[in-house]
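Peer 1: next input, structure requested:
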Amino acid sequence: MLRFYMEYCKNLILLSTPIICLSVINLALTEMQKATLMAIFQEVGFSLNAHVPLTSIQRHFRKDLRGFCRKALKELVRMGYVTKHPTGGSMTYSLTTSGVSKIKELLEC
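Peer 2: Here you go, the predicted structure:
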């Protein structure tokens with residue numbers, strides 16, 4: 001039974017890994033994702049150690065767009081541009097090195 005489970009897990013990893021990698025590599029950032037990334041940048045600068053709560057990020061958007069901001073933030077976490085930091089009060093977010101390089105790329109354009 002254990003051998004069957006190990007083979008099943010190995011096949012599952014082999015089948016799912018290329019799909020996940022292709023979906024992350026081939027996706028370009030949407031305008032909302034770019035705006036959310038820039039909102040985080042305005043809060044923390046180029047700091048990799050600072051982390052801000054969701055409300056501070058959403059403050060840069062109109063009230064009717066804050067739900068889209070939350071969705072874009074989840075996608076940025078999945079792409080690896082932002083990391084989540086659970087704290088006692090609320091969830092906080094910070095930039096990663098790839099997020100900082102993406103911001104520099106956006107600022108150059």
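
Peer 1: can you get me the start-to-end distance on stretch 84-98?
Peer 2: 15 Å (CA to CA, to the nearest Å).

Peer 1: can you list contacts of it?
Peer 2: 40-41, 44, 46-55, 57, 73, 77, 80-83, 103 (CB atoms under 8 Å, 6 or more residues apart in numbering). C-beta here means a position set from N, CA and C on the backbone, and glycine is covered the same way.

Peer 1: now, which of the residues you listed lie within helices?
Peer 2: Judged by DSSP state H, the subset of those located in helices is 40-41, 44, 54-55, 57, 73, 77, 103.

Peer 1: thinking again about what came up before, filter the contacts of stretch 84-98 to the buried ones?
Peer 2: For the contacts of stretch 84-98, a burial check counting by 16 or more other CB atoms under 10 Å picks out 40-41, 44, 51-54, 57, 73, 81-82, 103.

Peer 1: quick one: those residues as CSV, columns for distance to residue 33 and pLDDT too.
Peer 2: Output for those, formatted as CSV (distance: CB to CB, whole Å; pLDDT from 0 to 100):
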residue, distance to residue 33, pLDDT
40, 11, 94
41, 13, 93
44, 17, 92
51, 19, 91
52, 17, 94
53, 19, 94
54, 15, 93
57, 12, 94
73, 9, 95
81, 8, 95
82, 10, 95
103, 12, 93
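
Peer 1: distance check, residue 28 against residue 41.
Peer 2: 18 Å (CB to CB, to the nearest Å).

Peer 1: residue 48 too?
Peer 2: Counting by CB to CB, the gap from residue 48 to residue 41 is 12 Å.
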